[in-house]
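> sharing a sequence plus its predicted fold:
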Amino acid sequence: MMSASANPLLQYADLYNEHSATINNCSLSPLNALRASALQVVVGQQLPARGSEDYERTSLAEMFAPDYGLNISRLQVTADVAAAFHCGVPAMSTYLAVVVNDTIHLSKSLSRLPEGVRFCRFSDLSETDYEWLAGYYGKIAGLSRPEVALNTLLAQDGLLVRVNKGVHLSKPLQIVNLMAGGNPVMAVRRLLVVMEEDSEAQLLICDHTGLGAVECMSSSVSEIVLERNARLDLYDMEEASDATSRCSAMYVTQQEGSHLLIDEITLNCGRTRNDFDIRLEGEHCDTFVGGMAIGSAHQKIDNHTNIVHAAPRCHSHQLFKYVLSDEADGAFEGSIYVAPGAVHTESYQSNRNIIASVGARMHSKPQLEIYCDDVKCSHGSATGQLDQEALFYMRTRGIPEADARRMLMQAFMSDVIDSVRMPGLNDRLRQLVDRRLSGDAAHCIDCRHSCADDASKQS
């Protein structure tokens, strides 16, 4: 066995071995069934530090190295956090769940969910549902990556979204993930989304750090299933403190005729690493994965996509844009894999970046593997500074340089923002981006004090 210094995850393996009875007693049998296999991966594999010489990823070993606390005994926040929360997006009504660290609070709005929709905790399921849950949980994500195995080892609950066949949900679902507390803490979060045949939904996920929170870590694994002709729009917004680290892994499988839209939006963070693994397994699937990141100070923002075209006649499009200033560090690695027999595939990938300071850095590595003929695929990456001619033109028209720079960067991000189809969120995002580029905090919630104060009582 390697030493804890070589593999920071071993400290959590030791913690599990010491408290395995408590962890299992506070969880469900489908989750407990995978812990032994997950433990073997955690103790037997080493976390990747950084990438190759030409592509430097955010170090997972550094992210998991601190000795974070865990809420093993499932202590609950005493206040009704979901009732206290009010979303800052004007005129947007959602079915809401609030996750404080890794304890889940459901709002009263969920009692009005339409028939055929489940939005609940794993722990709310009856024993008759355990076999169904076991058929999905851990099956898409697998245990090949040690950070995912660690999440599987320690997860004690999770959120389930299940939309039954033929149900079209008109009001969005919303998950607010809040990191809070007075001591260093790691939140272990799981999400399972099952969109049955010909179903449709929109899901907004918001990651925030509460006031007063110290160094914290979010470990998140999401598994998403889109059955035949299902449609899902998923918006993932991160507005966290500089002391927050986030490791997010999202796995998706798409069946024939399904439509998926994912927008990954990083407004503020400490260190964030997002991985997307998407498999198009049926014909005529359509997939859009977009991302927008604004980095400043010493923030690190890393997005990785792996889209596998395993079936013919599918379409995918990736678009990621970064604006980096100060000493910020960005990374993007995008992979397109076209399997043998996946004829008539159309797949496009674009990564465009603006470096707004001398000290900022961007690492980009687009990849394309094609193993059949009769396809249309392309990828590209470009990193540069603001258009100096456009900046000069705007200044000659009396626009101050700071305003001109902000306007150009806002315009640079516009096509990613335009991909947002959720009512109210598009305009709100423009406001948040404008504030962020102006140097202001991009806070988009008005419950920070109440939620943070209540959560700080959790130990």
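That came in fine, so what should we check first?

> how close does the nearest residue to Glu238 once chain neighbours are set aside get to Ile72?
Leaving aside its chain neighbours, Glu238 sits nearest to Asp207 (4.4 Å; criterion: C-beta to C-beta, 6 or more residues apart in numbering). C-beta coordinates here come from the backbone N, C-alpha and C atoms, glycine included. Distance from Asp207 to Ile72, counting by C-beta to C-beta, to the nearest Å: 22 Å.

> these two: which has the busier surroundings?
Asp207 (27 against 16; other C-beta atoms under 10 Å).

> contact partners for the more buried one?
177, 179, 218, 236-240, 246 (C-beta atoms under 8 Å, 6 or more residues apart in numbering).

> ok, 7 Å please
Taking C-beta atoms under 7 Å, 6 or more residues apart in numbering, we find Asp207 in contact with 177, 218, 237-240, 246.

> re the thing from before, pLDDT score assigned to the residue nearest to Glu238?
Per-residue pLDDT puts Asp207 at 94.

> state whether it is indeed within a helix.
No - counting by DSSP: H, G, I helix; E, B strand; the rest coil, one finds Asp207 to be strand, located in no helix.

> for it, name its beta-bridge partners.
Here Asp207 sits in beta bridges with Asn177, Glu238, going by DSSP bridges.

> ok, His315 next?
Asp286, Glu346.

> roughly how far apart are it and Ile224?
His315 is 18 Å from Ile224, by C-beta to C-beta.

> compare the two (neighbour count), which wins?
Taking neighbours as other C-beta under 10 Å, His315 and Ile224 compare with Ile224 leading, 24 against 18.

> centre of the chain versus stretch 107-121, how much separation?
Centroid displacement of stretch 107-121 relative to its chain, using C-alpha atoms, centre = their mean, to the nearest Å, is 23 Å.

> buried residues, that stretch. List them.
Neighbour counts over stretch 107-121 (16 or more other C-beta atoms under 10 Å) mark 107, 109-110, 117, 119-121 as buried.

> now do stretch 409-421
Of the residues in stretch 409-421, those buried (16+ other C-beta under 10 Å) are 409-410, 412-413, 416-417, 419-420.

> end-to-end on that stretch?
21 Å (C-alpha to C-alpha, to the nearest Å).

> quick one: that stretch to chain centroid distance?
Distance, stretch centre to chain centre, for stretch 409-421: 19 Å (C-alpha atoms, centre = their mean).

> and if you look at stretch 341-361?
On C-alpha atoms, centre = their mean, the centre of stretch 341-361 falls 18 Å from the chain's centre.

> using neighbour counts, pick out the buried residues of it.
Judged by neighbour count (16+ other C-beta under 10 Å), stretch 341-361 contains these buried residues: 342, 345, 347, 349-356, 360-361.

> where does the prediction get shaky in this protein?
In the predicted model of the chain, residues 1-6, 48-57, 77-91, 212-213, 440-459 satisfy pLDDT under 70.

> show me where it has its helices.
10-25, 29-32, 35-44, 60-64, 81-84, 130-134, 146-154, 388-396, 401-412, 414-418, 425-437, 448-455 (DSSP state H).

> for Tyr371, which of those is the nearest?
Judged by C-beta to C-beta, the one of the helices of the chain that comes nearest to Tyr371 is helix 146-154, at 26.3 Å.

> report all helices and strands that the closest one contacts.
helix 10-25, helix 35-44, strand 216-226, strand 244-254 (3 or more C-beta pairs under 7 Å, 6 or more residues apart in numbering; DSSP states H and E).
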